[in-house]
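Engineer: A predicted structure for the sequence below; I have some questions about it.
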Amino acid sequence: MMRIETGFAAVAFLLCASHAAHAASWTTYRIPETGTAVDIPGSIFAEEAGKPDGYGQRFRSADGSADLTVQAVPRTGESPAAFLARKHPPSGIVYKRITPRFFVVSSVKRDVIWYDRCNFSGRYVHCVLINYPADQKRQWDSVVTRISNTLHGG
């Protein structure tokens, strides 16, 4: 009987977490100096967590389990591949896509999924960096996809 109750509790948690991601109130975060704009779930990333290099803002979830950085830095003429290589991403990248206009990389480190996307347009590199618990991947998939797909710069 205990196993069934535990199973119901796990299913209820997953449904609530999934619902929370879909019910998130979205807002567009803008960096006026660079033209960077991206949709972010303000109800999830409600706490500011400092400034990154360049322009932008770091955000953290209320429980501290996830964070989001929206950042723009001046372009130096590097290709997306060269820019990424210079940043020395952690080893063991699970997903990598590099084009002439952007890169996306993602992996798992210490039970946390990290996801980085940078678009190269205008005079800036426009980036989002997201970290969230690996055991909540399914609940985060639609959130990460929307953030990634709405990132753009001037």
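Structural biologist: Sure, I can see it. Numbers count the residues shown, from 1 in each chain.

Engineer: Show the pLDDT at residue 37.
Structural biologist: With respect to pLDDT, residue 37 has a value of 97.

Engineer: before we move on, what about residue 89?
Structural biologist: Reported pLDDT at residue 89 in the predicted model: 84.

Engineer: contacting residues around the one helix or strand residue 39 maps to?
Structural biologist: Take DSSP states H and E as the rule and residue 39 turns out to sit in strand 36-41. In this structure, residues lying in contact with strand 36-41 by Cβ atoms under 8 Å, 6 or more residues apart in numbering are 21, 24-31, 55-56, 59, 68, 70-72, 124, 126, 128, 143, 146-147, 150-154. For the C-beta atoms, the positions are set from N, CA and C on the backbone; glycine is no exception.

Engineer: Put the alpha carbons of it into PDB.
Structural biologist: Written as PDB, here are the backbone C-alpha positions of strand 36-41 (Å, rounded to 0.1, in the frame of the first residue of the first chain):
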ATOM      1  CA  THR A  36      18.300  41.800 -26.700                       C
ATOM      2  CA  ALA A  37      14.800  40.500 -25.900                       C
ATOM      3  CA  VAL A  38      13.500  37.200 -24.700                       C
ATOM      4  CA  ASP A  39      10.300  35.800 -23.200                       C
ATOM      5  CA  ILE A  40      10.900  34.600 -19.600                       C
ATOM      6  CA  PRO A  41       8.500  33.000 -17.100                       C
END
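
Engineer: one step back: any of the contacts of strand 36-41 buried? List them.
Structural biologist: Neighbour-count burial (16 or more other Cβ atoms under 10 Å) is assigned, among the contacts of strand 36-41, to 21, 24, 29, 31, 55-56, 59, 68, 70-72, 124, 126, 128, 143, 146-147, 151, 153-154.
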